[in-house]
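[1] Mind folding the following:
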Amino acid sequence: MSDTGLNMGVGIAIGVAIGAGIGAAMDNIAMGVGIGVAIGAGIGAAFLAASDEDDGDKPGRGKTGGDTSDGEGDGKA
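    Have a look, this model is predicted:
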């Protein structure tokens, strides 16, 4: 499994656990799990953003966006 899927899966699992707890406290576990999936997707996206920042040293994934032009507008490096 790729890191992308793993990070999103872990985030959703954490969110579902939190949501189930919230749902149990509100006596509506189904709504809590739904809220938890939404929270988990946000947590997973945060994990993905953090892992993308860590991958800055890999070829093709630099922070400059891959612009190789010399700034003259002709598109040649």
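[2] Could you grab the helix/strand/coil label for residue 10?
    helix (DSSP: H, G, I helix; E, B strand; the rest coil).
[3] Pretty sure it sits against residue 47.
    Yes. Applying Cβ atoms under 8 Å as the test, residue 10 and residue 47 come out as touching, 6.7 Å apart. C-beta here means a position set from N, CA and C on the backbone, and glycine is covered the same way.
[4] quick one: which of these two has more around it?
    More crowded of residue 10 and residue 47, by other Cβ atoms under 10 Å: residue 47, with 19 against 14.
[5] residue contacts, the more buried one?
    Listed by Cβ atoms under 8 Å, 6 or more residues apart in numbering, the contact set of residue 47 reads 7-8, 10-11.
[6] cool, residue 46 as well?
    Per Cβ under 8 Å, 6+ apart, neighbours of residue 46: residue 11.
[7] Residue 20 is in contact with residue 29, correct?
    Yes. In terms of Cβ under 8 Å, residue 29 counts as a neighbour of residue 20; the distance is 6.0 Å.
[8] residues in contact with stretch 20-29?
    30-33, 35-36.
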